[in-house]
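>>> quick one: sequence and predicted model below, then my questions.
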Amino acid sequence: MDAPKDSLRSGFDEPSPASAPSGISAEPPPPFAPMKLSPFEAVMQKIFIGQSGLRAIWRLLIYLIMFRGLRFCLFVLLAYGLPDLSFLWRQTAAELGLAIIAIAPALLMAKIEGRAFGSYGLPFRNVFGKLFWVGAAWGLVSLTILLVVLRGAHAFYFGTIALHGVRVLKFAVFWAGFFLIVGFYEEFFTRGYTQFTLTDGVGFWPAAILLSLGFGALHLENPGESWVGILGAIVIGFFFCLTLRRTGNLWFAIGFHMSWDWGESFLYSVPDSGGVAPGHLLHSSLQGPRWLTGGSVGPEGSVFLFVLVALMWVVFDRVYPEVKYPPARVEKILDSEATALNP
């Protein structure tokens with residue numbers, strides 16, 4: 001009598017398989033299949049999207065559009081909002097504004113791209129660190145060597161002291177701060193976000209060539225510039241690309257840029273990119289043919305500049321032999337894309 005009860009209980013305890021409603025299959029649904037792109041959509045995706053997301057050319061274009069829009073707003077502000085500023089303070093406000101609007105779109109692009117801002121060449125952990133001061137020393141020493149050579153060729157004369165007393169310190173500090181801002185703006189705009197993004201698209205050295213040409217073009221706005229001076233700026237810009245490649249960031253270049261311009265405009269009081277700055281230390285002078293002295297351009301237009309940059313390139317290449325830029329992630333993407341194009 002007990003066995004039949006156990007058998008009956010077990011039959012009630014075991015769940016019976018659920019039966020599908022009439023007309024509906026009990027088979028599991030097939031896995032989700034992505035929608036197939038039309039030929040037009042596939043072409044658009046190829047044009048705009050790469051392995052690392054939005055292609056470099058479009059990211060760069062977005063950055064430049066934002067920069068140009070902010071630049072227009074800045075010049076409107078300076079012209080109509082701050083009309084009573086003196087010449088020096090207007091120039092300082094303009095350079096500070098340009099530095100800010102070069103960095104601000106890059107901060108937004110870093111958020112969009114999911115990257116640290118330091119990836120673009122300005123890691124905050126290295127602010128005014130060793131590389132900055134080493135670069136500043138290189139800039140001042142190299143300019144001094146160039147002017148000593150010109151003095152030996154009887155093309156440059158130091159002259160007499162033009163400033164005295166507290167005005168020496170006042171203008172020394174002012175021009176140091178001014179050219180620090182200039183260095184920030186010009187280095188980041190031509191070798192910061194732009195260099196990083198173009199490197200992602202075409203590789204480091206092709207990007208360096210394009211942006212060095214752009215660096216030279218920035219100097220077209222300077223009064224008194226010449227084609228030799230523009231070429232000199234391009235060559236110096238290309239050297240700065242090497243310093244970025246070997247140090248991994250822009251701090252060396254910013255320090256060099258600052259001290260070079262400070263040495264030209266204040267310390268040695270020679271023309272800098274076509275103009276002589278007020279508040280300079282010396283009554284110096286350049287005498288001789290333009291190919292030697294640089295004429296209105298200053299030492300940056302001298303043929304000796306090209307010799308100097310070549311020597312700096314050789315020395316820097318030996319002192320800093322290790323490649324540290326671009327970051328490893330970009331290198332990996334470039335290598336994989338190259339493999340895909342050339343299997």
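Cool, got the structure.
>>> please name the nearest non-neighbouring residue to V182.
E95 (5.4 Å; CB to CB, 6 or more residues apart in numbering). The C-beta positions use only the backbone N, C-alpha and C, and glycine is treated the same way.
>>> quickly find the element holding the one you found.
helix 87-113 (DSSP states H and E).
>>> buried ones in that helix?
Under the neighbour-count criterion of 16 or more other CB atoms under 10 Å, helix 87-113 has 91-99, 101-103, 105-106, 109-110, 113 buried.
>>> roughly how far is it from the heart of the chain?
Centroid displacement of helix 87-113 relative to its chain, using CA atoms, centre = their mean, to the nearest Å, is 12 Å.
>>> most centrally placed residue in this protein?
Nearest to the geometric centre of the chain sits G192, at 1.6 Å (CA atoms, centre = their mean).
>>> picking up where we left off before, in the helix or strand following the helix holding E95, what's buried?
Later in the chain than helix 87-113, the nearest helix or strand by DSSP H and E is helix 130-152. Under the neighbour-count criterion of 16+ other CB under 10 Å, helix 130-152 has 131-132, 134-136, 138-140, 142-143, 146-147, 149-150 buried.
>>> ok, residues contacting helix 130-152?
Helix 130-152 has contacts (CB atoms under 8 Å, 6 or more residues apart in numbering) with 126, 156-158, 243, 247, 249, 251-260, 262-264, 267-268, 270, 286, 292-293, 299, 302, 304-305, 308, 312.
>>> inside helices: which ones of those residues?
When the contacts of helix 130-152 are checked against helices (DSSP state H), the matches are 243, 247, 251-260, 262, 292-293, 304-305, 308, 312.
>>> quick one: low-confidence ranges for the stretch 151-300 of the chain?
Counting by pLDDT under 70, the stretch 151-300 of the chain contains no low-confidence range.
>>> so how far is stretch 290-297 off the chain centroid?
29 Å.
>>> is S269 in contact with H283, as I believe?
Yes - counting by CB atoms under 8 Å, H283 is a contact partner of S269 at 7.2 Å.
>>> so what's in contact with the two at the same time?
Shared contacts of S269 and H283 (CB under 8 Å, 6+ apart): G159, A162.
>>> compare these two (neighbour count), which wins?
S269 (23 against 13; other CB atoms under 10 Å).
>>> gap between the more buried one and G192?
According to CB to CB, to the nearest Å, S269 and G192 sit 31 Å apart.
>>> thought G301 was touching V235?
No - between G301 and V235 there is no contact under CB under 8 Å: 11.6 Å.
>>> so the two - more neighbours on which side?
A count of neighbours by other CB under 10 Å puts G301 above the other of G301 and V235, at 28 against 20.
>>> show me where the chain has strands.
In the chain, the strands defined using DSSP state E lie at 49-50, 53-54, 156-157, 285-286.
>>> so can I have JSON lines of those strands showing mean neighbour count and distance to I209?
What follows is those, written out as JSON lines (neighbours: other CB atoms under 10 Å; distance: least, CB to CB, whole Å):
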{"stretch": "strand 49-50", "mean neighbour count": "14", "distance to I209": "21"}
{"stretch": "strand 53-54", "mean neighbour count": "14", "distance to I209": "24"}
{"stretch": "strand 156-157", "mean neighbour count": "20", "distance to I209": "32"}
{"stretch": "strand 285-286", "mean neighbour count": "18", "distance to I209": "31"}
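>>> as JSON lines, those strands with distance to V323 would be great.
As requested, the strands of the chain are arranged in JSON lines below (distance: least, CB to CB, whole Å):
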{"stretch": "strand 49-50", "distance to V323": "23"}
{"stretch": "strand 53-54", "distance to V323": "25"}
{"stretch": "strand 156-157", "distance to V323": "37"}
{"stretch": "strand 285-286", "distance to V323": "39"}
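>>> nearest to R318, of these?
Closest approach to R318 among these (CB to CB): strand 156-157, 29.0 Å.
>>> show me what the closest one is packed against.
When contacts are defined as 3 or more CB pairs under 8 Å, 6 or more residues apart in numbering; DSSP states H and E, strand 156-157 packs onto helix 130-152, strand 285-286.
>>> now do the longest one against helix 251-262, angle only.
This points to helix 130-152. Relative orientation of helix 130-152 versus helix 251-262 (axes from the mean of the first three to the mean of the last three CA atoms, to 10 degrees): 40 degrees.
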